[in-house]
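In: give the three-dimensional model of this entry:
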Amino acid sequence: MKFLNIFFNSQTKTITGAAGILVVSALISRILGVLRDWLLAKTFGASPDLDAYFAAFRIPDLVYNILIAGGITIVFLPLFSEYFFKNKEEAWKFANNLINIFLFLLIILCLILLIFAPPLIKLITPGFNPQQINLTILLTRLMLLSPILLGLSSIFSGILQYFNRFLAYSLCPILYNLGIISGILFLSPCTGVLRVAIGVIFGAFLHFAIQIPSAISCGFRYQPIFNIKNMGIKKVFTLMLPRIFAIAGLQINLIVITAIASTLAAGSIVIFNLSNNLQYFPIGIIGVSFAVAAFPALTKSWVEGGKENFIKGFSSIFRQIIYLTIPISVLIFILRNQIVEIILKHGEFNYSAAQLTAASLGLFSFGILASSLTPLISRAFFSFQDTKTPTLIVVFSMALNIILSFYLTWILKSENFFNLLIRDTLLIKGIEDIRVLALPLAFSIGVIFQFLLLLTFLYRRIGDFKLKEISNSFLKISVASLLMIGGVYLILFLVSPFLNTQTFSGVFWQTLIGSLVGVLVYLITTFLLKSPEIKTLEPLVFKRFRK
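Out: Numbers count the residues shown, from 1 in each chain. All right, here's what the predicted structure looks like:
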């Protein structure tokens, strides 16, 4: 009991410490996510049923991302921080009022979507047969429970972040993935992907429930307040409106990608989603973790008028993300085939699907750095309650993404120079239809465009955010990454004759040795080049390890 009390009341005092907790949490969560995808691939393969399962996420994800991840999660913390700075009692009233109103709206919206699921699913998946459509409708209706639970959870997440209770908050994604895995392991043999969807609901409930004790220890007490005319609530929806358009653009983009993939070869939706999940591994661990950890401090600095501290904190986190993300992106591209071989190529997941998934992962890797930095830059805007600028940028980048998805799919349909270039670069052999690769390529180009625009407009908004320091770090990191590439290819060449790469163990040891040598070369080079990020990140790793 005493341990639980300490756990739920544990506070994190620094951004680096908070980032450390979230990085560990994200790492565990992503490993569980990889295990989840491995189980899905092994059990169902690149099958029509698994296509239906991934397609069924589109509508619940639309609700979650528009109203929750991109809306209330971003808006709540700055406003709660502003209220709490002035009057603690009013801050708690504001939180309770928002919980009640948001719960009511989510239930109404999900009921409407549940009724209109059939025509919406037919619109999203024009290439599905009647059996797939019926299965997708059933899964969608079931999983519409998850946005309601995750919506409530997001407000409690904002409370925990404000009070630096990152330890309890960090368990949420871990428990969510455990819920899905429990559905695959213990229920899926009975009724296929239907029971996996039940696992999604169970995971969403755990995501919500784990935060309640810690929120209560922060001072939260439920109050049945429902005042939609309150000025704070009006400000919430005013700030959310631009974000709704931004996230709607992102979700429409994913819906269009799903629609395009449904018209391609069977399993194309699976290939895109599995490779997307793999590339999100470093983004979730590094980009999102550091951005979430920095958000409360950036918000407080801006609210209290500390622009210099704001810029200092932003620049430091920006450089740390670059330092960690670039070498991982490089390793993912080099070892993409081995990664897919180890994680996914089992059971029903065949060689052709593995080749296309690896090629998709390679194309995704070009956008990992931009995707990792985008959450931090966006939260910089959100800290001073500017949701309009990121919204317009997201809309433009997603429009580019959709246009490129259609155009590149059309280009890859026939044998031409671009088709042959993609095949030669990504070492694709024996597969006629590679049109699915247009989707990750378009996605990467779109996210790079979004990153560059966000960076440009942030500079206009706050001025120089220590660009010289960022440029110096980027140069050293690039040099170290180039040497790492040489080191990895050299070691792969040297160890390959001694390993049977036709077996799982041979591929595993090849990947492990290549990765370790690459990381070692990178660390030694950045140390010799005196990259300041090593000293900044030392407390995150070495001091905690010594303790």
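
In: ok, L239 - contacts?
Out: 75, 79, 385, 387 (C-beta atoms under 8 Å, 6 or more residues apart in numbering). All C-beta atoms are positioned from the backbone trio N, CA, C, and that covers glycine.

In: what helix or strand is it located in?
Out: helix 231-262 (DSSP states H and E).

In: and that helix, how far from the chain's centre?
Out: Relative to the mean C-alpha coordinate of its chain, helix 231-262 is positioned 16 Å out (C-alpha atoms, centre = their mean, to the nearest Å).

In: check which helix or strand covers V270.
Out: Short version, using DSSP H and E: V270 is in helix 268-282.

In: output the helix or strand that that helix is followed by as CSV, nothing but the C-alphas.
Out: Downstream of helix 268-282, the next assigned helix or strand under DSSP H and E is helix 289-303. Extracted C-alpha coordinates of helix 289-303, given in CSV (Å, rounded to 0.1, in the frame of the first residue of the first chain):
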residue,chain,number,x,y,z
SER,A,289,8.3,11.6,-25.2
PHE,A,290,10.6,14.6,-25.3
ALA,A,291,7.8,16.9,-26.6
VAL,A,292,5.4,15.7,-23.9
ALA,A,293,8.0,16.1,-21.2
ALA,A,294,8.9,19.6,-22.4
PHE,A,295,5.3,20.9,-22.9
PRO,A,296,4.5,21.7,-19.2
ALA,A,297,7.8,23.6,-18.7
LEU,A,298,7.4,25.5,-22.0
THR,A,299,3.9,26.4,-21.2
LYS,A,300,4.8,27.6,-17.7
SER,A,301,7.8,29.6,-19.1
TRP,A,302,5.6,31.4,-21.6
VAL,A,303,2.7,32.0,-19.1
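
In: how far does the helix holding V270 sit from its chain's centre?
Out: Put simply, helix 268-282 sits 11 Å off its chain's centre (C-alpha atoms, centre = their mean).

In: then stretch 438-452?
Out: 15 Å.

In: could I get the average pLDDT for that stretch?
Out: Averaging pLDDT along stretch 438-452 gives 91.

In: how about that stretch: buried residues?
Out: 438-451 (16 or more other C-beta atoms under 10 Å).

In: and if you look at stretch 308-323?
Out: Neighbour counts over stretch 308-323 (16+ other C-beta under 10 Å) mark 310-311, 313-323 as buried.

In: ok, back up a step: pull the most distant pair out of the buried residues of stretch 438-452.
Out: Greatest spatial distance among these (C-beta to C-beta): A438 and F451, at 20.7 Å.

In: ok so, going back, show me what the helix holding V270 is packed up against.
Out: helix 15-44, helix 48-56, helix 231-262, helix 307-334, helix 336-343, helix 351-364, helix 368-383, helix 438-462 (3 or more C-beta pairs under 8 Å, 6 or more residues apart in numbering; DSSP states H and E).

In: and E469, which of these is closest to it?
Out: Between those, helix 307-334 lies closest to E469; by C-beta to C-beta that is 6.2 Å.

In: and the closest one with helix 268-282, angle?
Out: If you take axes from the mean of the first three to the mean of the last three C-alpha atoms, to 10 degrees, helix 307-334 sits at 130 degrees to helix 268-282.

In: per-residue pLDDT, I66?
Out: 67.

In: and the helix holding V270 with helix 48-56, angle?
Out: Put simply, helix 268-282 runs at 60 degrees to helix 48-56, going by the same axes, to 10 degrees.

In: what sits against V256?
Out: 402, 405.

In: tell me how far the residue nearest in space to the middle of the chain lies from G33.
Out: Taking C-alpha atoms, centre = their mean, the centroid of the chain lies closest to G284, which sits 4.7 Å from it. Here G284 is placed at a distance of 8 Å from G33 (C-beta to C-beta, to the nearest Å).

In: again, but for L361
Out: For L361, the distance to G33 (C-beta to C-beta) stands at 14 Å.

In: neighbour-wise, which of the two wins?
Out: The neighbour comparison of L361 against G33 (other C-beta atoms under 10 Å) goes to L361, with 26 against 22.

In: still on that earlier bit, what's the local residue count around the residue nearest to the residue nearest to the centre of the chain when sequence neighbours are not counted?
Out: Of all residues beyond its chain neighbours, the one nearest G284 is A26 (5.0 Å), with distances taken as C-beta to C-beta, 6 or more residues apart in numbering. A count of nearby residues for A26, using other C-beta under 10 Å, gives 26.

In: give me the angle between the helix or strand harbouring E90 and helix 231-262.
Out: In this structure, E90 sits in helix 88-115 according to DSSP H and E. Here helix 88-115 runs at an angle of 30 degrees relative to helix 231-262 (the same axes, to 10 degrees).

In: buried ones in the following helix or strand past helix 88-115?
Out: Using DSSP H and E, the next helix or strand after helix 88-115 towards the C-terminus is helix 117-124. By 16+ other C-beta under 10 Å, the buried positions in helix 117-124 come out as 117, 120-121, 124.

In: quick one: helix 117-124 to helix 48-56, angle?
Out: For helix 117-124 against helix 48-56, the angle by the same axes, to 10 degrees is 100 degrees.

In: put the alpha carbons of helix 117-124 into PDB.
Out: Taking C-alpha atoms only, helix 117-124 is exported to PDB below (Å, rounded to 0.1, in the frame of the first residue of the first chain):
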ATOM      1  CA  ALA A 117     -20.900   3.200 -39.900                       C
ATOM      2  CA  PRO A 118     -22.100   1.200 -43.000                       C
ATOM      3  CA  PRO A 119     -22.100   4.000 -45.600                       C
ATOM      4  CA  LEU A 120     -18.900   5.500 -44.100                       C
ATOM      5  CA  ILE A 121     -17.000   2.200 -44.200                       C
ATOM      6  CA  LYS A 122     -18.100   1.700 -47.900                       C
ATOM      7  CA  LEU A 123     -16.700   5.100 -48.600                       C
ATOM      8  CA  ILE A 124     -13.400   4.400 -46.900                       C
END
